[in-house]
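In: next come a sequence and a model predicted from it.
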Amino acid sequence: MKLEASANSLTFRVVLYVSLWAMAGLVVIAIVISTLYRRDAEKSFHDLLRAHLYNVVNSIAIGDGGGLTGSPQLGDLQFVKPDTGWYWVAEPVGKYKAARLASASLGAAPFPEMPASEVPFDLKYERYYEMPDGVGNTVMVAETEIELDDKGDIVRFRVAGNKAVIDASVEAFSRNLYLALAVFGVGSLAVNILAIIFGLRPLDRVRKALGKIRNGEAERLEGRFPLEIQPLANEVNALIDNNRRLIERARMQVGNLAHSLKTPLAVLINEARQMPKKHGPLIASQAEAMQTQVQSYLNRARIAAQRETVLARTDTRPVLERLARVMQKLNPDIAIHLHIADDIPVLAIEAQDLEEIVGNLLENAARFARTEIQVSVIEEPAVESSAKSDRVQIAIEDDGPGLEPAQIAEAMKRGKRLDESRPGSGLGLSIVTEIVSEYEGRFALARGDRGGLKAELHLPAVARERGMRG
């Protein structure tokens, strides 16, 4: 779940894409720079060999005895040490017969030749090629042929350099380059991550502002937002205002409907009570049931409209304390004990609906209680320790005779009353069930610890992070 949440995070995706792009860019840059450096190093090596070649050419001549003379000074000890891969050699070609001259690093060892058919001379009568030197070195050879006198005596000059020098130079350069790019890349990624996090902070402000609206702490998105987010904030505020207007219109229409039906139903009930006993009580009871059902469906319509908004919020404690005081005054012989746990979250329910359902249950408990009613309110624990709590449990228990399971099932049916000797329409529990179900809560009846009836409400609350509790 954490991996999925990270994959759905805008910050995670932006950081991931930026990191992948930065790494790909750094790899390409490293390859390009390393390639360019190798090309430049090979060109410099080529120029060095050419300079050594013409230094050797200028240092050797044909002596009075017809042999080659001269001692080139190339300024590099590698031409003195044996088997270094750095050599120079000057040897006669064609009819000219004389002893060759070679560097001390080559000594008397033969120097392999490259056929001109494989690597031809260029227009300057020079050629450059690679070959093994016989002792395991790969060397780059610069070669030319020069006519040293007017007799047509031709001498072939060759200078060889060990290519390991280029490889070592490129390897050292690449190693330093990769290290520098790695440090730069890590620093750039850190700066990019910080920039992205700080750049996306306005979205977090929007989230917190929406949370305040959801918790009932604010009615609109307040504050200044960046130009890219301000239109979104304006649209959200417009949506909230539109929902508020719809709710107010629905409430007004429900109120008008209730008012228009209230008087005719009251007239019917009064007229029915004055009618003969043969038909009057039946008409009166049916009119009362009609009145209760109309009110029930009006409540459901109002709740359904309210559920589509984020404005249904009720503080639990003051509502229950007020109901307990009213019921205590109406039932002075019954003690009502109210126990509300600390830090109870705000309920996601309208105050009048909470009063309706708890009032019905308290009234029902007062009918059957002998001496006392216990009302307890606790916050239901979340399934996971890191999850949000979103339920409040309200338990109302009396010390009356209670009900058996079969009687409980019968009592939950609309219009059913188990004790016809007591006043009531029998619709209270069904109204409670309907209102609770509209808020996606739960309602259950059971035998309590004191032997009486225990009613349990599980109502939705405004979710809170557990780590934010005081």
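Out: Thanks, I have the structure now.

In: so who does the residue nearest to Val432 when sequence neighbours are not counted touch?
Out: Spatial nearest neighbour of Val432, excluding adjacent residues (CB to CB, 6 or more residues apart in numbering): Ile357 at 4.6 Å. Just so you know, the C-beta spots here come from the backbone N, C-alpha and C atoms, and that holds for glycine as well. By CB atoms under 8 Å, 6 or more residues apart in numbering, the contact set of Ile357 is Ile431, Val432, Ile435, Val436, Phe443, Leu457.

In: let me know the helix or strand that Ile357 is in.
Out: Secondary structure assigned from DSSP states H and E places Ile357 in helix 351-368.

In: centre of the chain to stretch 237-248, how far?
Out: 31 Å (CA atoms, centre = their mean, to the nearest Å).

In: extract the CA atoms of it and return them as PDB.
Out: The C-alpha coordinates for stretch 237-248 follow below in PDB (Å, rounded to 0.1, in the frame of the first residue of the first chain):
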ATOM      1  CA  ASN A 237     -15.100  27.900  -3.600                       C
ATOM      2  CA  ALA A 238     -17.700  28.300  -6.400                       C
ATOM      3  CA  LEU A 239     -18.700  24.700  -6.000                       C
ATOM      4  CA  ILE A 240     -19.100  25.000  -2.200                       C
ATOM      5  CA  ASP A 241     -21.200  28.100  -2.700                       C
ATOM      6  CA  ASN A 242     -23.400  26.400  -5.200                       C
ATOM      7  CA  ASN A 243     -23.800  23.400  -2.900                       C
ATOM      8  CA  ARG A 244     -24.700  25.700  -0.100                       C
ATOM      9  CA  ARG A 245     -27.400  27.400  -2.300                       C
ATOM     10  CA  LEU A 246     -28.800  24.000  -3.300                       C
ATOM     11  CA  ILE A 247     -29.000  22.900   0.400                       C
ATOM     12  CA  GLU A 248     -30.700  26.100   1.400                       C
END
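
In: for it, buried residues please.
Out: Within stretch 237-248, the residues that qualify as buried are Ile240, Asn243, Ile247, counting by 16 or more other CB atoms under 10 Å.

In: quick check: the first one vs Phe12, distance?
Out: Spelled out, that is Ile240. As judged by CB to CB, to the nearest Å, Ile240 and Phe12 stand 29 Å apart.

In: swap in Leu68?
Out: 75 Å.

In: and those two? which has more neighbours close in?
Out: Leu68 (19 against 13; other CB atoms under 10 Å).

In: looking at Ile197 now. What's its pLDDT?
Out: At Ile197, the model reports a pLDDT of 81.

In: OK, contacts around Leu361?
Out: Ile396, Gly428, Val432, Ala455, Leu457.

In: now, which of these lie within strands?
Out: Ile396, Ala455, Leu457 (DSSP state E).

In: need the nearest residue in space to the last one, chain neighbours excluded.
Out: The spatial neighbour of Leu457 that comes closest, neighbours along the chain excluded (CB to CB, 6+ apart), is Ile394 at 4.3 Å.

In: can you confirm the one you found is in a strand?
Out: Yes. Ile394 forms part of a strand when assessed by DSSP: H, G, I helix; E, B strand; the rest coil.

In: what's near enough to touch it?
Out: Thr316, Leu320, Val358, Val375, Ser376, Val377, Glu456, Leu457, Leu459.

In: one more pass at 10 Å, please.
Out: 316, 320, 340, 344, 347, 354, 357-358, 361, 375-378, 441, 443, 455-459 (CB atoms under 10 Å, 6 or more residues apart in numbering).

In: any chance you could map the strands in the stretch 251-400 of the chain?
Out: 335-340, 372-379, 389-398 (DSSP state E, counting those that start in this stretch).

In: can you list the strands that the second one pairs with?
Out: Partner strands for strand 372-379, per DSSP bridges, with pairing direction: strand 335-340 (parallel), strand 389-398 (antiparallel).

In: quick check: buried residues in that strand?
Out: Those would be Ile373, Gln374, Val375, Val377, Glu379, for strand 372-379 by 16+ other CB under 10 Å.

In: least confident pick among those?
Out: When those are compared, Glu379 shows the smallest pLDDT, 87.

In: domain-wise, how is this structure divided?
Out: Domains of the chain are assigned by automatic domain parsing as 61-163, 230-307, 316-468.

In: from the chain's centroid, how far away is stretch 325-333?
Out: With CA atoms, centre = their mean, you get 54 Å for stretch 325-333.

In: what residues does it touch?
Out: 334-336, 338, 355, 358-359, 362-363, 365-367, 369-371, 373, 375.

In: likewise for stretch 60-69?
Out: Applying CB under 10 Å, 6+ apart, the set of residues contacting stretch 60-69 is 59, 70-72, 88, 90-92, 96-101, 146, 148-149, 151, 153, 155, 157.

In: now that stretch: mean pLDDT?
Out: On average, stretch 60-69 scores 83.

In: over to stretch 334-353?
Out: 87.

In: cool, and stretch 284-302?
Out: Mean predicted lDDT for stretch 284-302 stands at 69.

In: Gly402 reaches Arg450, doesn't it?
Out: Yes. The pair Gly402 / Arg450 is scored as a contact, 8.6 Å apart, by CB atoms under 10 Å.

In: give me every residue that touches Ile31.
Out: Ile31 neighbours (CB under 10 Å, 6+ apart): Ser174.
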